[in-house]
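Enquirer: Next comes the sequence, and after it the predicted model I'd like to discuss.
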Amino acid sequence: MNVVLFCKQEQQLLLPLTYMKPAGELRMGILTFKERWQKLLDASISYLTEAYLSDLFPLQAASENIFIHSCYLPTYDLVNQIKLLKVGEVLKLNDEVIAFKGSLEDFQNENFQKIINFKNKLIHINRPYDLFSYNQEALDFDFQLLTKDRKSASISNTNGVINPSNIFLEEGAKVEFAVLNATAGSIYIGRDAEICEGSLVRGGLALCDHAKLNLGTKIYGATTIGPWCKVGGEVNNSILTAYSNKGHDGFLGNSVIGEWCNLGADTNNSNLKNNYSEVKLWDYTQDLFENTGLQFCGLIMGDHSKSAINTQFNTGTVTGVFANVFKVGFPPNKVNSFTWGGSSESPKFNLEAAYQVADRMMQRRKVELTPEIKSLIAYLYDYAN
């Protein structure tokens, strides 16, 4: 089975998180959308995405493919209907294409022989804040997907544990002298992940492979700490996608942090306005602040961005890619990509310096800064805002 993930306007609506990746690479729950479909279909997966991303995420089309919209959280009913599709058949929800079986040409030309309407509800991710808003649902789905009919590694008796049947440790996971309360949501601890002494965890939590909670960390669900991330302080209902660090004290709430980010010691974000009113968030497609409908909304940070010690992010702040935030006072609610300082008057980060910082950080995790990634960074240097 050859699967191609696609999305439409969501690729732009999910900026800045999708500047450097297709939407299917975003993490929610335990897995990325791509990883989830790989588990569900045991298939080879590629992307039909923006032209500037195609060198890093090339399309692998066959004569017969299954095209799946990447921005819907799957259900088993959806999976079963996709598996039953015949060549030429399209699955739609409210006139939106969810899946199609056939050739690339027929998909792009909308040459559909038969329309099948999907009659059940699906969670649709089309804004950055949808990721943390629906993270508990994704955690529940992924926990069952990954742990069904499997036995957890043993939990050390040095820990305080509530509802252990809702806790799963992969092999190599290390947890000592921590409190794990899985009453409100499951707790998944990935391969070679670690929860250090004195940490307090209230699920749901996904601590993915090789991730770490530092000494005395406090976690409220629904939170995802992606692979190789290091976290300290207090975190509530947030997602760190992968390879990012918030290693020290400070609060992160109702937020999504991209890859290769670093929040300096005592970085804090506000997730609630003083007047308790609805939070607005920058919309890149309209170049304006849009109502979110949320009372709680914190920080959305694009890949490779950094904050200095004691940075204070206001409610509903969006930070682009490769932003360096270190100016005194609150940064603006929309921080430009490649800023050197974080204020609206700050100069632009030097491109060669951006390469160097990315290379140094990636080398620490034995990940190569390839020519293709450098070309993408160079493109975004002129394009991203």
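Expert: Perfect, thanks for sending it.

Enquirer: Could you pull up the contacting residues of the closest residue to Asn166 other than its chain neighbours?
Expert: In space, and not counting its chain neighbours, Asn166 is closest to Ala182: 3.7 Å by C-beta to C-beta, 6 or more residues apart in numbering. The C-beta positions use only the backbone N, C-alpha and C, and glycine is treated the same way. Applying C-beta atoms under 8 Å, 6 or more residues apart in numbering, we find Ala182 in contact with 161-167, 203-204.

Enquirer: Turn the residues you listed into CSV, including pLDDT, secondary structure and distance to Phe6.
Expert: Converted to CSV, those look like this (pLDDT from 0 to 100; DSSP: H, G, I helix; E, B strand; the rest coil; distance: C-beta to C-beta, whole Å):
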residue, pLDDT, secondary structure, distance to Phe6
Val161, 98, strand, 42
Ile162, 98, strand, 42
Asn163, 97, coil, 39
Pro164, 96, helix, 41
Ser165, 95, helix, 38
Asn166, 97, helix, 35
Ile167, 98, strand, 36
Gly203, 94, coil, 33
Gly204, 95, coil, 29
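
Enquirer: which of those residues has the most neighbours?
Expert: Scoring the contacts of Ala182 on neighbours with other C-beta atoms under 10 Å, the highest-scoring entry is Gly204 at 29 neighbours.

Enquirer: number of nearby residues for Gly253?
Expert: Counted by other C-beta under 10 Å, the residues lying close to Gly253 total 22.

Enquirer: Next up, phi/psi of it, please.
Expert: phi -140, psi 140 (degrees, to the nearest 10).

Enquirer: returning to that earlier point: how close does the residue nearest to Asn166 sit to Phe143?
Expert: Per C-beta to C-beta, to the nearest Å, Ala182 is found 10 Å from Phe143.

Enquirer: Residues that sit against both of those two, list them.
Expert: The contact sets of Ala182 and Phe143 overlap at Gly204 (C-beta under 8 Å, 6+ apart).

Enquirer: Of the contacts of Ala182, which is the nearest to Ala308?
Expert: Using C-beta to C-beta, Gly204 is the member of those that lies nearest Ala308, at 31.0 Å.

Enquirer: Helices of the chain, residue ranges please.
Expert: For the chain, the helices defined by DSSP state H occupy 10-13, 33-41, 76-83, 104-108, 128-133, 135-147, 351-363, 371-383.

Enquirer: returning to what we had before: could you check how far the residue nearest to Asn166 is from Leu104?
Expert: Distance of Ala182 to Leu104, computed by C-beta to C-beta: 44 Å.

Enquirer: and what of Thr370?
Expert: Separation of Thr370 from Leu104 (C-beta to C-beta): 26 Å.

Enquirer: Between the two, point out the one with more neighbours.
Expert: Leu104 (16 against 12).

Enquirer: right, and that one touches Ile66 too?
Expert: No: with contact defined as C-beta atoms under 8 Å, Leu104 does not reach Ile66; the gap is 11.6 Å.

Enquirer: Mutual contacts of these two, please.
Expert: Joint contacts of Leu104 and Ile66 (C-beta under 8 Å, 6+ apart) are Val4.

Enquirer: count of neighbours near Glu89?
Expert: Counted with other C-beta under 10 Å, the neighbours of Glu89 add up to 17.

Enquirer: Does it touch Ile116 like I think?
Expert: Yes: assessed by C-beta under 8 Å, Glu89 is found in contact with Ile116 at 6.0 Å.

Enquirer: from the chain's centre, how far out does the lengthiest strand in the chain sit?
Expert: Identified as the longest strand of the chain according to DSSP state E is strand 96-102. With C-alpha atoms, centre = their mean, to the nearest Å as the basis, strand 96-102 stands 24 Å off its chain's centre.

Enquirer: And stretch 102-117, by the same measure?
Expert: Mean C-alpha position of stretch 102-117 versus that of the full chain (C-alpha atoms, centre = their mean) differs by 30 Å.

Enquirer: next one: stretch 33-46
Expert: Chain-centre distance of stretch 33-46: 16 Å, with C-alpha atoms, centre = their mean.

Enquirer: when you give positions from now on, start the count at 740
Expert: With the count now opening at 740, the last piece we talked about shows up as stretch 772-785.

Enquirer: and that stretch, which residues are buried?
Expert: Buried residues in stretch 772-785, counting neighbours by 16 or more other C-beta atoms under 10 Å, are found at 772-776, 779-780, 784-785.

Enquirer: what comes into contact with that stretch?
Expert: Identification of contacts with stretch 772-785 by C-beta under 8 Å, 6+ apart yields 740-744, 762-765, 768, 770, 796-800, 805, 807, 809-810, 813, 818, 821-822, 880-881, 884-885.

Enquirer: Produce a PyMOL select command limited to the buried residues of those.
Expert: To isolate the buried ones among these in PyMOL, judged by 16+ other C-beta under 10 Å, type:
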select buried, resi 742+743+744+762+763+764+765+768+770+796+800+805+807+809+810+813+821+880+881+884+885
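
Enquirer: Which of the contacts of stretch 772-785 fall in strands?
Expert: Per DSSP E, the contacts of stretch 772-785 map to strands at 741-744, 770, 805, 807.

Enquirer: CA atoms of stretch 1056-1064 as PDB?
Expert: The C-alpha coordinates for stretch 1056-1064 follow below in PDB (Å, rounded to 0.1, in the frame of the first residue of the first chain):
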ATOM      1  CA  THR A1056       2.200  35.100  21.300                       C
ATOM      2  CA  VAL A1057       3.400  33.700  18.000                       C
ATOM      3  CA  THR A1058       7.100  33.400  17.200                       C
ATOM      4  CA  GLY A1059       8.400  32.600  13.700                       C
ATOM      5  CA  VAL A1060      11.300  30.300  12.800                       C
ATOM      6  CA  PHE A1061      14.900  31.100  13.800                       C
ATOM      7  CA  ALA A1062      13.800  33.900  16.100                       C
ATOM      8  CA  ASN A1063      16.200  35.000  18.900                       C
ATOM      9  CA  VAL A1064      14.300  36.700  21.700                       C
END
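
Enquirer: Right, I'll call it a day here.
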